[in-house]
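Q: Predicted coordinates and the sequence they were generated for:
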Amino acid sequence: MNVDEKIEIIKQVAEELINEDDLRKLLENVENPIAYDGFEPSGQIHIAQGLMRSINVNKLTSTGIKFKFLVADYFAMLNNKYKGDLEKIQIVGEYAIEVWKSCGMDLDNVEFIWAKKFYEENPNYWETVLKLSMTATTSRVLKCGQIMGREENTSNPSSQILYPIMQAADIIHLGANIAQLGLDQRKVNMLARDIFPKIGKRKPVCVHHHMLLGLQASGADLIGVDRKIAMKMSKSKPDTAIFMTDSVEDVNRKFKKAHCIDGIVDDNPVLEYFNHIIFQRYDSILIERPEKFGGNLEYKTYSEMEQEFIAGNVKSIDIKQCAAKYINELLEPTRIHFSEGRPLELLEKVKSYSVSR
């Protein structure tokens, strides 16, 4: 695979790439670059964190990239998840790793690193945190509050200042060339690109992936740069998200209630599931319909199906039922994985915990 081919695959993951010139230089000079993402353990894993994350990671590793996941236990504590109970947080982190084991992630090229242990083994990390804190203004750091799921607010805990600086320091100490996080994390990655040269460190390439819409999302009343982020699926609103161990009945019910208007593509979460998950895992899909409603339809690409939807040849009820069928197929290995033994024990514990904020 040449550099151009690698870039095209990476751009399939990137809703935003900062920037292509830097990425090209990196790929020309480093055979196996390191990409990183940080995962804050906080409740059950939904499909964007599970299946979609696996799809994106596998695309990156297919180009020779090695991936590091920081299981951000300390960050969850700073963000007051589970009232800062580190033992519960680490149980949730262990559960998350089991999810990724179950859903096809290329684990041969993925390393999971626990933040607490990593910092204990790398004492120079805290010196980097201090140096970075000296280069960024308080107002700039506070604007990164969104990465914690919080708005900028002076009544928030002071950990809101520490958190973004630590996240930037992670990039350096993990040896990451690429910060590969969701679009909701772009503010801290842009902070890193701005302040790294001030302490003699190279700017990371930023590959920001798409944020999957919540199933009941409607953008009609939302405006501004962060509109899509505001519409993303939320663990605090269970019917907006498909969780990786949801039952067949749960999946069917959630898709039946999903926001989906005939012929309308914008802000259509059901179509997003086809584009970002289903067509990434299937070479073609079959929409099954009675003959009196036009009979079965087969599509080999997402764009083909989308055009038929716009034209009115396929209806919302058709794609909702079809999406539920394929998502249920994709979730079945995870359901089986969590049906017994240690995975089942972890799942039951996670379900019993209350995530505090």
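A: Looks like it arrived, so ask away.

Q: looking at the protein, which helix or strand is least sure?
A: helix 227-230 (a mean of 46; mean pLDDT, DSSP states H and E).

Q: So for the host helix or strand of residue 36, what gets flagged as buried?
A: In this assignment (DSSP states H and E), residue 36 forms part of strand 34-39. By neighbour count with 16 or more other Cβ atoms under 10 Å, strand 34-39 contains the buried residues 34-39. (Glycine included, C-beta is placed from N, CA and C.)

Q: what does stretch 301-308 give?
A: When burial is assessed from 16+ other Cβ under 10 Å, stretch 301-308 yields the following buried residues: 302, 305-306, 308.

Q: In helices only, show me these.
A: Taking DSSP state H, the ones among the buried residues of stretch 301-308 that sit in helices are 302, 305-306, 308.

Q: ok, the nearest residue to residue 101 once chain neighbours are set aside to residue 175 distance?
A: Spatial nearest neighbour of residue 101, excluding adjacent residues (Cβ to Cβ, 6 or more residues apart in numbering): residue 107 at 6.6 Å. Look at residue 107 and residue 175: by Cβ to Cβ, to the nearest Å, they are 19 Å apart.

Q: Distance from the chain centre to the helix or strand harbouring residue 28, please.
A: Element membership for residue 28 (DSSP H and E) is helix 20-29. In terms of Cα atoms, centre = their mean, to the nearest Å, the centre of helix 20-29 is found 24 Å from the chain centre.

Q: which SS state does the residue located most distally from the centre of the chain fall under?
A: Distance from the C-alpha centroid of the chain, by Cα atoms, centre = their mean, peaks at residue 292 (40.5 Å). In three-state terms, and counting by DSSP: H, G, I helix; E, B strand; the rest coil, residue 292 is helix.

Q: Check it and give its pLDDT.
A: pLDDT, residue 292: 86.

Q: now residue 141
A: Residue 141 is given a pLDDT of 89.

Q: could you measure it against residue 191, distance?
A: 7 Å.

Q: Need the overlap of contacts for the two.
A: residue 164 (Cβ atoms under 8 Å, 6 or more residues apart in numbering).

Q: Could you tell me which residues make contact with residue 70?
A: Here residue 70 is in contact with 36-39, 113, 115, 118, 170, 174 (Cβ under 8 Å, 6+ apart).

Q: One more pass at 7 Å, please.
A: Listed by Cβ atoms under 7 Å, 6 or more residues apart in numbering, the contact set of residue 70 reads 36, 38-39, 113, 115, 170, 174.

Q: List the contacts of the closest residue to residue 27 other than its chain neighbours.
A: Nearest residue to residue 27, sequence neighbours excluded (Cβ to Cβ, 6+ apart): residue 3, at 4.8 Å. Residue 3 sits next to 24, 27-28 when contact means Cβ under 7 Å, 6+ apart.

Q: coming back round to it: looking at residue 107 and residue 175, which one has more neighbours?
A: residue 107 (15 against 11; other Cβ atoms under 10 Å).

Q: and whichever helix or strand residue 11 is part of with strand 34-39, angle?
A: Taking DSSP H and E as the criterion, residue 11 maps to helix 3-13. Comparing the axes of helix 3-13 and strand 34-39 via axes from the mean of the first three to the mean of the last three Cα atoms, to 10 degrees yields an angle of 10 degrees.

Q: residue closest to the middle of the protein?
A: residue 49 (4.5 Å).

Q: thinking again about what came up before, which among the contacts of residue 3 count as buried?
A: residue 27.

Q: With pLDDT added, can I get the contacts of residue 3 in JSON lines?
A: Output for those, formatted as JSON lines (pLDDT from 0 to 100):
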{"residue": "24", "pLDDT": "98"}
{"residue": "27", "pLDDT": "98"}
{"residue": "28", "pLDDT": "97"}
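
Q: Which member of the contacts of residue 3 is positioned nearest residue 66?
A: The closest of the contacts of residue 3 to residue 66 turns out to be residue 27 (Cβ to Cβ; 13.2 Å).

Q: measure the closest one to residue 209 for me?
A: Going from residue 27 to residue 209 by Cβ to Cβ gives 18 Å.

Q: what's the longest helix along the chain packed up against?
A: In the chain, assigned by DSSP H, the helix with the most residues is helix 316-337. Applying 3 or more Cβ pairs under 7 Å, 6 or more residues apart in numbering; DSSP states H and E, one finds that helix 316-337 contacts helix 86-102, helix 248-256, helix 269-273, strand 285-287.

Q: now it against helix 86-102, angle please.
A: Using the same axes, to 10 degrees: helix 316-337 against helix 86-102 is 110 degrees.

Q: Return the set of buried residues in helix 316-337.
A: 316, 318-328, 330-331, 334, 337.

Q: Can you check what angle separates that helix from helix 248-256?
A: 150 degrees.

Q: could I have helix 316-337 exported to CSV, CA atoms only?
A: Written as CSV, here are the backbone C-alpha positions of helix 316-337 (Å, rounded to 0.1, in the frame of the first residue of the first chain):
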residue,chain,number,x,y,z
SER,A,316,-38.7,5.0,6.5
ILE,A,317,-40.5,1.9,7.8
ASP,A,318,-38.4,-0.2,5.3
ILE,A,319,-35.1,1.1,6.4
LYS,A,320,-35.9,1.1,10.1
GLN,A,321,-36.8,-2.6,9.9
CYS,A,322,-33.8,-3.4,7.8
ALA,A,323,-31.4,-1.5,10.0
ALA,A,324,-32.7,-3.4,13.1
LYS,A,325,-32.2,-6.7,11.3
TYR,A,326,-28.5,-6.0,10.4
ILE,A,327,-27.6,-4.3,13.7
ASN,A,328,-29.0,-7.3,15.6
GLU,A,329,-26.8,-9.6,13.5
LEU,A,330,-23.7,-7.5,14.2
LEU,A,331,-24.5,-7.4,18.0
GLU,A,332,-25.0,-11.2,18.3
PRO,A,333,-21.3,-12.1,18.9
THR,A,334,-21.2,-9.5,21.8
ARG,A,335,-24.4,-10.8,23.3
ILE,A,336,-23.0,-14.3,23.3
HIS,A,337,-19.6,-13.1,24.7
